[in-house]
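Student: Just the structure for this:
(chains A and B)
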Amino acid sequence: MDFLAWLQALPISEWVQSSDYGFPLLLAAHSIGLAGVVGILLVLDLRVLGVAQGIPIAALSRLLPLAWLGFWVNALSGLLLFMANATRLVSNWAFILKMSAVLLGGIVSWLLWRSLVDRQGSESSHAAGVTYTVTRRARITAVLSLLAWFAAIVFGRVIAYVMDHAILHGGA
Amino acid sequence: MDVAHVFAIAHDSALGHFARANAYVYTIGLVIHFTGLALLMGAMLLIDLTLMGLAPTVPPAAALKLLPFAIAGFLLNLGTGVMFFCFDPERFGLNPAFQLKMVLLLVAGLNALWFTIAEHRQVAQMPAGVQPPIAVKISAAISLLVWFAVIVAGRMIVAFQ
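Tutor: So this is what the prediction gives:
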């Protein structure tokens, strides 16, 4: 707890708390990162589940760096958001569930990605016309990934409500 | 009919009453709004990057198959967004960030309309690897920029309250 209090007392944490623009800017960055990481993984999951089959799965791999960029934008903005309220967030059940959902989503999406890359071979072989058949296991993984990222969004929204009922309609 | 009158109508609408019925409606609405955001932006990223010529292995017709998902995400956000507005029309209507967001949405809409009318049919027939016309590339770049700006403006609403 001392560590969390120290974290929360750092100048950057205090700036986030006290500045008019700290929270809105970080939350804007967090939403953009969300669009990148969850948006792209959502498209990948939907593709695995049979949507837009004309899109080569190898082509989606080009978007993976963007999903990672979104992830790191959110890891960094999320860390700063956490530091500004560390002592309260650590026992916030919505925050804990969100972190669990993100961890699950990350593992599941990584497993899905691995299974796709393994079965598909190199991108050049795909370009040469190798077709990829989605396995049942990949489909289940895609569903789990969808559920995990949806849960991350849900619990992320709930964090503010658990923290402070006074801002129930603040839209923060 | 002045603005205050429009606000009053929105406030007293069935949707306004529904939004204020209990604390969970607005919260669940926000969850749906963010899920719609992910759906819309995920599909738009792939579509726009393809139309910008940055994903040469994706046939434009295949990328455009994601349009229904972008539209579904947009409709989710339109529905929940209108509900938020009716929750407290004055708070949103007079908020500069909200006003900017609406202008940006208009730009995004007009840009999408132009693409649909002028280019969609032609682009959907292009094979993978063929560079789209420069006008399509610019339109796609504007689309991505404006949608990200919509997100930022939306998040800034709370900063102006």
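
Student: Do you have the helices of the chain handy? List them.
Tutor: Chain wasn't specified; assuming chain A. For chain A, the helices defined by DSSP state H cover A:2-9, A:11-18, A:22-48, A:57-60, A:64-84, A:86-89, A:93-120, A:123-127, A:136-163.

Student: My question was about chain B, not that one.
Tutor: B:3-12, B:14-20, B:23-51, B:60-64, B:67-87, B:89-93, B:96-118, B:120-124, B:134-156.

Student: Ok, which of the helices of chain A comes nearest residue B:114?
Tutor: helix A:22-48 (22.9 Å; C-beta to C-beta). To be clear about C-beta, it is placed using only N, CA and C from the backbone, and glycine gets the same treatment.

Student: Counting by contacts, list what the closest one packs against.
Tutor: Applying 3 or more C-beta pairs under 8 Å, 6 or more residues apart in numbering or on different chains; DSSP states H and E, one finds that helix A:22-48 contacts helix A:11-18, helix A:57-60, helix A:64-84, helix A:93-120, helix A:136-163, helix B:23-51, helix B:134-156.

Student: In that helix, which of the residues would be classed as buried?
Tutor: A:22-48 (16 or more other C-beta atoms under 10 Å in any protein chain shown).

Student: go on, stretch B:70-86?
Tutor: B:70, B:73, B:74, B:76, B:77, B:80, B:81, B:83, B:84, B:85, B:86.

Student: wait, does it make contact with chain A?
Tutor: Yes. Using C-beta under 8 Å from any C-beta of the partner chain, stretch B:70-86 reaches chain A at residue B:84.

Student: which residues are contacting that stretch?
Tutor: The contact list for stretch B:70-86, computed with C-beta atoms under 8 Å, 6 or more residues apart in numbering or on different chains, reads A:171, B:10-11, B:13, B:15-16, B:18-19, B:25-26, B:29-30, B:32-33, B:35-41, B:43-44, B:47, B:92-93.

Student: which stretches of chain B have low pLDDT?
Tutor: Within chain B, not a single segment meets pLDDT under 70.

Student: So which residue is dead centre in it?
Tutor: Residue closest to the average C-alpha location in chain B (C-alpha atoms, centre = their mean): residue B:74, at 5.2 Å.

Student: For residue A:171, report the pLDDT, please.
Tutor: Predicted confidence (pLDDT) at residue A:171: the value is 45.

Student: now the end-to-end length of stretch A:81-92.
Tutor: One end of stretch A:81-92 to the other measures 14 Å (C-alpha to C-alpha, to the nearest Å).

Student: Enumerate the positions of it that are buried.
Tutor: The neighbour-count check on stretch A:81-92 (16+ other C-beta under 10 Å) flags A:81, A:82, A:83, A:84, A:85, A:86, A:89, A:92 as buried.

Student: ok, which pair from those residues is furthest apart?
Tutor: Between any two of the buried residues of stretch A:81-92 (C-beta to C-beta), the greatest distance is 14.2 Å, for A:83 and A:92.

Student: Residue A:52 contacts residue B:60, doesn't it?
Tutor: No. Using C-beta atoms under 8 Å, residue A:52 makes no contact with residue B:60, being 11.9 Å away.

Student: which of these two has more neighbours?
Tutor: Ranked by neighbour count (other C-beta atoms under 10 Å in any protein chain shown), residue A:52 and residue B:60 place residue B:60 first, with 25 against 21.

Student: Tell me who's in contact with that one.
Tutor: Residue B:60 sits next to B:50, B:51, B:123, B:124, B:126, B:128, B:132 when contact means C-beta under 8 Å, 6+ apart.

Student: picking up where we left off before, show the buried residues in the contacts of stretch B:70-86.
Tutor: Of the contacts of stretch B:70-86, these count as buried by 16+ other C-beta under 10 Å: A:171, B:10-11, B:13, B:15-16, B:19, B:26, B:29-30, B:32-33, B:35-41, B:43-44, B:47, B:92-93.

Student: Residue B:31 versus the nearest residue to residue A:146 once chain neighbours are set aside, what's the distance?
Tutor: Nearest residue to residue A:146, sequence neighbours excluded (C-beta to C-beta, 6 or more residues apart in numbering or on different chains): residue A:45, at 4.9 Å. From residue A:45 over to residue B:31 the distance is 18 Å, taken as C-beta to C-beta, to the nearest Å.

Student: Residue B:107 now?
Tutor: According to C-beta to C-beta, residue B:107 and residue B:31 sit 27 Å apart.

Student: what about residue B:97, neighbour count?
Tutor: By other C-beta under 10 Å, 19 other residues sit near residue B:97.

Student: Repeat that for residue B:6.
Tutor: Using other C-beta under 10 Å: residue B:6 sits among 12 other residues.

Student: Would you mind listing the residues in contact with the closest residue to residue B:150 other than its chain neighbours?
Tutor: Leaving aside its sequence neighbours, residue B:150 sits nearest to residue B:104 (C-beta to C-beta, 6+ apart; 4.8 Å). Applying C-beta under 8 Å, 6+ apart, we find residue B:104 in contact with B:146, B:149, B:150, B:153.

Student: Who are the contact partners of the first one?
Tutor: Pointing back at residue B:146 there. So residue B:146 contacts B:104, B:107, B:108, B:111 (C-beta under 8 Å, 6+ apart).

Student: Having no further points to raise, I will conclude here.
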